[in-house]
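J.: can you look at this prediction? I've put the sequence above it.
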Amino acid sequence: MKQLPPSFPLTITAPLLDGIPESCRELVAALVASASHPDPIFRELLAPRLASLTEQTRPWSHGQLVFSSTEAWRTAYEKVLSSSEITRYRSVAWVKSEDYWQDLPGQQGMRLNYALLDSGMQIQRMLILGWNLWPPHMQLPLKGILGWIDEQHYRGVGLLLIRENDVIGEPDLLRDFGIYGDRATGEQEIDADSRTVNFTLSFDQAAVELAVDRWARLALFATPYGELLDRMLEK
């Protein structure tokens, strides 16, 4: 039987690997050793696994990470938002139900928001509300969601409200995302019950610029919450 060469250790000395973590070096070494295995059947069986891994890691090369578990996305969100370089946080919340951010992770996120406000961070949030939460005949949203809105307003969050129907013709604007200074952007995929399905975090300048552009476009449809309150007082 033909003697197979050992898979490890495999030394990669290319300049491309200079300065990267040891774990990444080990991964590259393992992939090269696996892909160069002398047995053709092994390589054939390995091919779909390599394709799957390539699909998984492709976003990483663009500075993008996807989190699916609740604890993982909350930890990532807090780590980025708590960075000392972030002094401005812009958030767009597509609120589909009264339960939005009312679960434990959501409540923890709001507490972090308030703590950062107290430390001097500027936080602005646009709320996209459907007719189920802000009927067209009402000047303010329904009481079920109004308490959450009032709390943020009086704690110092710069709130702007948008009727979902006003942007229904701009489907690329109907999304739930945040902009962390000029460093990163994060987008949540929310189900009909306002639960987070996954959270995508992008440390990519092009992604940040796209999010800033969406923010500016949404602002054209937004009304400051304080202005809505003033209108109520004038009556």
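T.: Happy to help now that I have it. Since we're looking at a predicted model, the values are computed, not measured.

J.: can you tell me which residue is nearest the centre of this protein?
T.: In the chain, the residue lying closest to the centroid (C-alpha atoms, centre = their mean) is residue 186, at 2.3 Å.

J.: okay, and that one sits in which element?
T.: Counting by DSSP states H and E, the element that carries residue 186 is strand 184-190.

J.: hey, where'd the strands end up in the protein?
T.: 64-67, 88-95, 122-129, 158-163, 176-180, 184-190, 196-202, 223-224 (DSSP state E).

J.: which of those sits closest to residue 46?
T.: When the strands of the chain are compared by C-beta to C-beta, strand 64-67 sits nearest residue 46, at 24.3 Å. Heads up, the C-betas are built off the backbone N, CA and C, glycines and all.

J.: which strands or helices does that closest one pack on?
T.: helix 70-81, strand 196-202 (3 or more C-beta pairs under 8 Å, 6 or more residues apart in numbering; DSSP states H and E).

J.: winner for burial among these?
T.: Neighbour counts (mean count of other C-beta atoms under 10 Å) averaged over each of those peak at strand 196-202, with a mean of 18.

J.: can you give the strand pairings for that one, parallel or anti for each?
T.: Strand 196-202 sits in its sheet next to strand 64-67 (antiparallel), strand 184-190 (antiparallel), going by DSSP bridges.

J.: re earlier: dump the strands of the chain into CSV; add distance to residue 138 and mean pLDDT as well.
T.: Putting the strands of the chain into CSV (distance: least, C-beta to C-beta, whole Å; pLDDT from 0 to 100) gives the following:
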stretch, distance to residue 138, mean pLDDT
strand 64-67, 36, 91
strand 88-95, 15, 96
strand 122-129, 11, 98
strand 158-163, 10, 98
strand 176-180, 23, 96
strand 184-190, 23, 91
strand 196-202, 28, 88
strand 223-224, 13, 98
